[in-house]
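Asker: got a predicted structure here, sequence first:
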Amino acid sequence: LAVGPLVGRHVLVTSGPTHEPIDPVRYIANRSSGAQGTAIAVALRDLGATVTFVTGPAAVPAPNGVAVVRVETAAQMLAAVEAALPADAAVMAAAVADWRVANASGQKMKKHGSGQVPSLEFAENPDILSSVSKGLMRPKLVVGFAAETERVAEYAAAKRLRKGCDWIVANDVSPQTGIMGGTENAVTLITEAGAEVWPRMGKDAVARALAARIAASLA
Ligand code: C5P
């Protein structure tokens, strides 16, 4: 028996890093563990939502009780997100690579000796959050993330406007905070009404608080 304020609501969550291939065996990645996105999917599920969880190759396992769509690249993540719409809300917690390798090789690149090294060229990846926020199938509530190391609220407020999302969950990922890869998070929630500084708490508690806010907003 499904109970909770989000019963009958479909929420899309993106999570984890993306991998951008260099050749069939090598890739460019980032250090996102997928911990915060996974906790958010769990919290939304526990409030009764139908969750589609689009995840890159994350370090933490995907949760039970959600529809998991596994992708590798940003381009695949965009396609999976578009295929998952419509949704009542979207929470875009993935650390999407900004660039992919434009001259990726279809075959494993060979080491030639004589000190020759390959050159990588980059192309810009699609911005999934912007594209969902500005798209025809826009969910009623779109939540983005912002990892900053300085002027967190100011940069995140600018990002909210630029990307066209409703809320930004901003966090300070300066090395001394221990947040990247850690179990705690200290976030500032940026909405149209302004910035709310939340106390430092576990990523699970951040997820539950955010899920409750999403439920209240959709009610
Ligand atoms: O621009 P920046 O990467 O700092 O913005 C972070 C937010 O944008 C996150 O919500 C992230 O999931 C989203 N994003 C995206 N597609 C990209 C880059 C970022 O959806 N290509």
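Answerer: That came in fine, so what should we check first?
Asker: from here on, contacts and neighbour counts on C-alpha atoms
Answerer: Noted.
Asker: beyond the worst-scoring helix or strand of the chain on mean pLDDT, next helix or strand please.
Answerer: Taking mean pLDDT, DSSP states H and E as the measure, the helix or strand of the chain with the lowest value is strand 184-185, at a mean of 88. Scanning forward in sequence from strand 184-185 by DSSP states H and E, the next helix or strand is strand 187-191.
Asker: so for that following strand, what gets flagged as buried?
Answerer: By 16 or more other C-alpha atoms under 10 Å, the buried positions in strand 187-191 come out as Val187, Thr188, Leu189, Ile190, Thr191.
Asker: other residues contacting the lengthiest strand in the chain?
Answerer: For the chain, the longest strand by residue count, based on DSSP state E, is strand 141-148. Contact with strand 141-148 is made by 88-93, 129, 133, 155-156, 159-160, 165-174, 214, 217-218, as judged by C-alpha atoms under 8 Å, 6 or more residues apart in numbering.
Asker: so which of the residues you listed sit within strands?
Answerer: Counting by DSSP E, those contribute Ala89, Ala90, Val91, Met92, Trp167, Ile168, Val169, Ala170, Asn171, Asp172 to strands.
Asker: narrow those residues to just the buried residues.
Answerer: Ala89, Ala90, Val91, Met92, Trp167, Ile168, Val169, Ala170, Asn171, Asp172.
Asker: re the thing from before, now do the least confident helix or strand of the chain: everything it contacts.
Answerer: Asn171, Ile179, Arg200, Met201, Gly202, Lys203, Val206.
Asker: quick one: the helices in this structure?
Answerer: Counting by DSSP state H, the chain has helices at residues 35-46, 74-84, 128-133, 152-163, 203-218.
Asker: out of the ones you listed, which one sits most buried?
Answerer: Ranked by mean neighbour count, the helices of the chain are led by helix 35-46 with a mean of 25 (mean count of other C-alpha atoms under 10 Å).
Asker: okay, that one in PDB with CA atoms only?
Answerer: Extracted in PDB, the C-alpha atoms of helix 35-46 (Å, rounded to 0.1, in the frame of the first residue of the first chain):
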ATOM      1  CA  ALA A  35      25.800   9.800  -2.600                       C
ATOM      2  CA  GLN A  36      23.600  12.900  -2.400                       C
ATOM      3  CA  GLY A  37      21.600  12.100  -5.500                       C
ATOM      4  CA  THR A  38      21.000   8.500  -4.300                       C
ATOM      5  CA  ALA A  39      19.800   9.800  -0.900                       C
ATOM      6  CA  ILE A  40      17.400  12.200  -2.600                       C
ATOM      7  CA  ALA A  41      15.900   9.400  -4.700                       C
ATOM      8  CA  VAL A  42      15.400   7.300  -1.500                       C
ATOM      9  CA  ALA A  43      13.800  10.200   0.400                       C
ATOM     10  CA  LEU A  44      11.400  10.900  -2.500                       C
ATOM     11  CA  ARG A  45      10.600   7.200  -2.800                       C
ATOM     12  CA  ASP A  46       9.900   7.100   0.900                       C
END
